[in-house]
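In: please work out how this folds:
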Amino acid sequence: MSDFYFPPLALETWQLTYDTLHHYTRALGALRRAATPRQKHWSHVSLRVNATGLTTTAMPCRGTAFEVALDLATHRVVLSTSYGASAQWRLQGHPLSQFWQELNGAFAAASIEVNATQPDYPDAAPIYNPAHAENYWRALSQVDLLLKQFQGELRQETSHVQFWSHHFDLAMLWLSGRLVPGQDPNDEENADEQMNFGFSVGDEGIKEPYFYITAYPLPNGLVGSPLPSGAYWHTEGWNGAVLLYKQLVDAAESDARLLDFWRTVRKRGAELMK
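Out: Here you go, the predicted model:
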C-alpha cells in the first residue's frame, strides 16, 4: 500500500482561504526578490516547501541572515534570524496591507532592514480557514516529496523544486544541457532547452487542481504522443500534458501514477529534443 494520500481539493470549496494565502505568498515572494541575490531562471523570487509550510529560505542582511515562513501546520508566521532573534504570530486572515505591516513591525523589532515594496494587490475581505489550509498543505507537501524523488532520478541539471507565488504553483525545471539555436547563450531564460513539471490548484484556463508538463522550445511530435491513462494534451492557450489532481484522489498507488506521468512525458520529450 502507498503511504501517499491526496485529499479532495476542489478550488471552489476553499476559494477564500486560497485568495488569502495567495496574497501572503506574494508578500513573501516580494521580500525574497528584494533581499536575495539574483539566481538563474528567477529562483531568487520563488519560495520553498519546508516541513511545515512555505519559506523564503535564508536571506542576507548586513552580514547576517533572516527567514520568513508560513507555518501551515500550526497556522503561524515565523521570523527567524541567524543571531537568535525570532518572532511569530498567528495567521488570522488579515488583509494584505495589515499582513505587510506585521512583517515590517517584526523586522524593525529584530533590526532587519528590507527594501521591499508591498505587492500591488487590493485588499479583499480575507478569510483564513485552518482546516482548508491544512488540507492544501497535505496535498502540497506530498507533491513536493514526489517531485524531489523524481528530481533525484534525473542525470541532467534541474532547478530547485520551488513554489511560485504569482501563479501559486509548485514546479521544477529539467534542463537538457543544450542551448536553443539563435538565442543569446548568456540569457538562460531563453537559451536553455527545458521541460517544466508543475502542480497548480487551478486557474482561468483549468478551473481545478492539475499537474502540468510543458517544454521549451516545444519539440515536434511531443503534443499528441501517448500519455498514461487519465492524462491528456492541453492545447488551449498553452501546449502541455495535463493530469487532473482528482485522478489521484482515492486512487490506489497514487504516487506511482503521478511519477509515471512525469517519467513518461520527460522520456518522450528528451527523445524528441535530441
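In: and the helices in this structure?
Out: Secondary structure of the chain (DSSP state H): helices located at 15-35, 96-109, 130-152, 188-191, 254-273.
In: what is the mean pLDDT for the last one?
Out: Right, the one you point to is helix 254-273. Mean pLDDT, helix 254-273: 97.
In: same check on the fourth one?
Out: Per-residue confidence for helix 188-191 averages out to 92 on the pLDDT scale.
In: what residues of that helix count as buried?
Out: Using 16 or more other C-beta atoms under 10 Å as the test for burial, helix 188-191 gives Ala191. C-beta here means a position set from N, CA and C on the backbone, and glycine is covered the same way.
In: can you give me how far stretch 60-71 is from the chain middle?
Out: Chain-centre distance of stretch 60-71: 19 Å, with C-alpha atoms, centre = their mean, to the nearest Å.
In: mind listing what's buried along that stretch?
Out: Buried residues in stretch 60-71 (16+ other C-beta under 10 Å): Cys61, Ala65, Phe66, Glu67, Val68, Ala69, Leu70, Asp71.
In: tell me which of these is nearest to His166?
Out: Leu70 (15.9 Å; C-beta to C-beta).
In: which residues does that closest one contact?
Out: Residues near Leu70 by C-beta atoms under 8 Å, 6 or more residues apart in numbering: Leu21, Tyr24, Thr25, Leu28, Gly53, Leu54, Thr55, Val77, Leu91.
In: just the buried residues of stretch 60-71 now: which is nearest Pro95?
Out: Leu70 (15.9 Å).
In: please report the distance of that closest one from Tyr245.
Out: With distances taken as C-beta to C-beta, to the nearest Å, Leu70 is found 21 Å from Tyr245.
In: then Asp203?
Out: Using C-beta to C-beta, we find Asp203 at a distance of 13 Å from Tyr245.
In: any idea how this structure splits into domains?
Out: 11-109, 130-273 (automatic domain parsing).
In: what is the burial count for the closest residue in space to Leu9 that isn't next to it in sequence?
Out: Excluding the flanking residues, the one nearest Leu9 by C-beta to C-beta, 6 or more residues apart in numbering is Pro209, at 4.9 Å. Applying other C-beta atoms under 10 Å, we find 23 residues neighbouring Pro209.
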